[in-house]
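> coords below, sequence missing:
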């Protein structure tokens with residue numbers, strides 16, 4: 001839709017995508033260390049500490065089956081479903 005008196009075109013806002021970003025139902029995390037604290041592990045800790053369901057979080061990490069009670073998959077293609085937040 002063109003706005004009168006303006007050369008810009010208004011684009012519809014992707015409200016469902018914004019809602020999924022702000023209120024995800026599933027999360028995947030890349031970069032979580034299974035040996036030491038790092039940024040990925042801090043993010044994982046914060047997500048769990050805020051009460052996000054552990055079963056709705058997946059870590060992308062080859063050669064590891066789980067970290068802090070969260071299941072891991074070797075790569076993105078192995079995610080069981082599409083996630084709202086990566």
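In hand now; what should we look at? All of these numbers come straight from a predicted model, not from anything done at the bench.
> contacting residues around residue 21?
By Cβ atoms under 8 Å, 6 or more residues apart in numbering, the residues touching residue 21 are 84-85. Bear in mind the C-beta positions are built from the backbone N, C-alpha and C, glycine included.
> do you know how far residue 65 is from residue 17?
Using Cβ to Cβ, to the nearest Å, residue 65 is found at 32 Å from residue 17.
> can you check residue 52 too?
19 Å.
> repeat that for residue 48.
Per Cβ to Cβ, residue 48 is found 25 Å from residue 17.
> who's more crowded, these two?
residue 48 (15 against 10; other Cβ atoms under 10 Å).
> for the record, mean pLDDT for the lengthiest helix in the chain?
With secondary structure taken from DSSP state H, the chain has its longest helix at helix 39-49. Per-residue pLDDT values across helix 39-49 average out to 96.
> got the buried residues for that helix?
40-41, 44, 47 (16 or more other Cβ atoms under 10 Å).
> out of those, which comes closest to residue 85?
Nearest to residue 85 among those, counting by Cβ to Cβ, is residue 47 at 9.4 Å.
> so the closest one touches residue 57, yeah?
Yes: in this structure residue 47 lies within contact range of residue 57 using Cβ atoms under 8 Å: 6.2 Å.
> intersection of neighbour lists for the two?
Common neighbours of residue 47 and residue 57 (Cβ under 8 Å, 6+ apart) are 27, 29.
> helices and strands of this structure: which one bottoms out on pLDDT?
When the helices and strands of the chain are scored by mean pLDDT, DSSP states H and E, helix 15-22 comes last with a mean of 88.
> starting at the chain centroid, how far to it?
Offset of helix 15-22 from its chain centre (Cα atoms, centre = their mean, to the nearest Å): 12 Å.
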